[in-house]
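*Asks:* With the input below, show me the fold.
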Amino acid sequence: MTPEERSLLERTYKLAEENNAMLQSIRRMSRISTAIRVLYWVVILVASFGAFYLIQPYVQSFLDIYGQIQGSSTAGPGIGSLMDLLK
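*Replies:* Residues are numbered from 1 along each chain as shown. Modelled structure (predicted):
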């Protein structure tokens with residue numbers, strides 16, 4: 001092997017090592033990005049269900065009051081269909 005071939009082989013090896021390091025870094029960042037994206041959606045879903053859990057008694061009391069008003073009112077069939085939509 002001539003010295004030129006040897007130096008070319010060494011440069012090629014160094015470039016391959018650098019490329020390998022960059023590819024591993026890209027793969028690691030991709031995994032971290034995926035984990036953060038999943039965590040982001042989990043937080044959004046948990047917050048949504050938590051908010052529903054917190055406001056559910058208020059919504060239920062509103063529906064109960066609305067049902068009482070509807071029961072004592074003679075406004076017509078429009079309110080009854082609206083109540084069915086709310087249920």
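
*Asks:* Quick check: N19 vs R27, distance?
*Replies:* Between N19 and R27 the computed distance is 13 Å (Cβ to Cβ, to the nearest Å). Using the backbone N, CA and C atoms, a C-beta is placed for each residue, glycine as well.

*Asks:* Where does pLDDT dip in the protein?
*Replies:* For the chain, the stretches with pLDDT under 70 are 73-87.

*Asks:* do you know how far T2 is from L9?
*Replies:* Using Cβ to Cβ, one obtains 10 Å as the distance from T2 to L9.

*Asks:* Which one's more surrounded, those two?
*Replies:* Comparing T2 with L9 by neighbour count (other Cβ atoms under 10 Å), the higher total belongs to L9, at 11 against 7.

*Asks:* Name the nearest residue to that one, sequence neighbours excluded.
*Replies:* M1 (7.7 Å; Cβ to Cβ, 6 or more residues apart in numbering).

*Asks:* Is there a neighbour count for N19? I'd like the number.
*Replies:* Number of residues near N19 (other Cβ under 10 Å) recorded here: 10.

*Asks:* Next, A35: secondary structure please.
*Replies:* Under the three-state scheme (DSSP: H, G, I helix; E, B strand; the rest coil), A35 adopts helix.

*Asks:* for this protein, which residue is closest to the average position?
*Replies:* Geometric centre of the chain, nearest residue: W41, 2.0 Å, by Cα atoms, centre = their mean.

*Asks:* That one: which element?
*Replies:* helix 3-72 (DSSP states H and E).

*Asks:* So which elements touch that helix?
*Replies:* With contacts taken as 3 or more Cβ pairs under 8 Å, 6 or more residues apart in numbering; DSSP states H and E, helix 3-72 sits against helix 77-86.

*Asks:* any idea how far S25 lies from E18?
*Replies:* S25 is 11 Å from E18, by Cβ to Cβ.

*Asks:* Quick check: M22 vs L54, distance?
*Replies:* M22 is 47 Å from L54, by Cβ to Cβ.

*Asks:* No further questions, thank you.
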